[in-house]
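> My questions concern the predicted model and sequence given below.
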Amino acid sequence: MSKGSFTAEISYRRDATKDLFVLGLDLGENRKDFNFKAGQYCTIGLLDAQNNVILDRERKKAWRPYSIVSAPGEYEIELFVELVPPEHGGNLTPLLYGRHIGDTVEVLPKPKGALLFESEFKNQVMVSTVTGLAPFMSMIREYFEGLKRDMLMDHSFYVLQGASYHNEFVYDAELRRLGCAWHKLARTLGNGLEFDYVPTVSRPNEPENFSWEGEKGRVNAIVEEYLEGAGLEPEDTVVYVCGHPGMIEDVKERLAPRGWSLKLKNLKEERFWK
């Protein structure tokens, strides 16, 4: 253990593609003190053989933020990670990629982040690229936990996720399963609330995507049309964006003339993404 951090054991690992993987972290007795809100991130580091936090190229401690996929009520802390090679600026993820079940990582004790669920908006639009989906999964899982507990359904969810290839939609099956459960409950309650998951591939002509029959195009390019088609207005709709910085900027530019902005607090962003 490094001074000021928790040691967590990797309890499960799932390799989704050659550079996308899911890790489950067991904080042990420290879990009760690790209190986070859906949408926040944790800060991870690794130790060297001398139990010192590994340094990056600038000789600074290589602590890196990772959005939490888990709902706050889950015991394990789940992370959705993209491997960034050293030649592309990756400092920690190449080392984290080499860790397996039973290995340990260091976790700073205070979760951070302001990308939180805004309950005052009826419509929740979540726009992401690949691992940028992580904070939204935390929000969605927590919301479904609440549905199981008290059957209160007050919001509609519209989840738009972009990726280069369809195998990068790592939580596709979970989101579709939740969507089916949502619509069954919504019909029972007769409230007309929606849950829509729209994955879109930006390279539809690549051989890996020949079997893809879903939406095509960059996620930032379909947002405007989607909002209009769904009849969503800025007065009762919040748009969250998380993922590639270029995607975030483009969404902000596209939506500003339509009434969504950071200043109006009906648009929220998370800028780290790997």
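All right, it came through fine.
> all helices for this protein, in order.
93-97, 134-150, 172-189, 219-229, 245-255 (DSSP state H).
> Run through the neighbouring helices and strands of the first one.
Pointing back at helix 93-97 there. Contacts defined by 3 or more Cβ pairs under 8 Å, 6 or more residues apart in numbering; DSSP states H and E place helix 93-97 against strand 77-82. All C-beta atoms are positioned from the backbone trio N, CA, C, and that covers glycine.
> before we move on, back to that, for the helices of the chain, give me TSV that also has distance to Val198 and mean pLDDT.
Shown next, in TSV, are those (distance: least, Cβ to Cβ, whole Å; pLDDT from 0 to 100):
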stretch	distance to Val198	mean pLDDT
helix 93-97	27	93
helix 134-150	13	94
helix 172-189	10	95
helix 219-229	7	97
helix 245-255	14	97
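> Now tabulate those in JSON lines and tack on distance to Gln40.
Formatted as JSON lines, the helices of the chain follow (distance: least, Cβ to Cβ, whole Å):
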{"stretch": "helix 93-97", "distance to Gln40": "19"}
{"stretch": "helix 134-150", "distance to Gln40": "7"}
{"stretch": "helix 172-189", "distance to Gln40": "20"}
{"stretch": "helix 219-229", "distance to Gln40": "23"}
{"stretch": "helix 245-255", "distance to Gln40": "18"}
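> and of those helices, who's closest to Arg14?
Evaluated with Cβ to Cβ, the helices of the chain place helix 172-189 nearest to Arg14, the distance being 11.9 Å.
> neighbouring contacts of the closest one?
137, 140, 144, 147, 151, 153, 157, 159, 192-197, 199 (Cβ atoms under 8 Å, 6 or more residues apart in numbering).
> Now that we have those, which of them are buried?
Met137, Ile140, Phe144, Met153, Phe157, Val159, Leu193, Glu194, Phe195, Asp196, Tyr197, Pro199 (16 or more other Cβ atoms under 10 Å).
> what's the lowest-pLDDT member of those?
The lowest pLDDT within the buried ones among the contacts of helix 172-189 belongs to Met153, with 89.
> Might you report the residue contacts of it?
Met153 touches Leu147, Leu185, Ala186, Leu189, Asn191, Leu193, counting by Cβ under 8 Å, 6+ apart.
> any idea how far it lies from Thr7?
Per Cβ to Cβ, to the nearest Å, Met153 is found 39 Å from Thr7.
> so where's the stretch 1-150 of the chain uncertain?
1-3, 56-60 (pLDDT under 70).
> one step back: so which two of the contacts of Met153 are the farthest from each other?
Most distant of the contacts of Met153, by Cβ to Cβ, are Leu147 and Asn191, 11.8 Å apart.
> Tell me the span between the first and last residue of stretch 96-116.
Length of stretch 96-116, first residue to last, Cα to Cα, to the nearest Å: 26 Å.
> Which single one of the contacts of helix 172-189 is nearest to Thr129?
Using Cβ to Cβ, these come closest to Thr129 at Pro199, 10.8 Å.
> which of the residues in stretch 172-181 are buried?
Those would be Asp172, Leu175, Leu178, Gly179, for stretch 172-181 by 16+ other Cβ under 10 Å.
> sorry, back to before: ok, so of the buried ones among the contacts of helix 172-189, who is nearest Leu55?
So of the buried ones among the contacts of helix 172-189, ranked by how close each gets to Leu55 (Cβ to Cβ), first place is Met137, at 31.2 Å.
> Which residue is the nearest non-sequential neighbour of the closest one?
Val69 (4.7 Å; Cβ to Cβ, 6 or more residues apart in numbering).
> contacting residues for the one you found?
Val22, Glu78, Leu79, Phe80, Ala134, Met137, Ser138, Arg141, Tyr171.
> if you set the cut-off to 7 Å instead, what comes out?
Glu78, Leu79, Phe80, Ala134, Met137, Ser138 (Cβ atoms under 7 Å, 6 or more residues apart in numbering).
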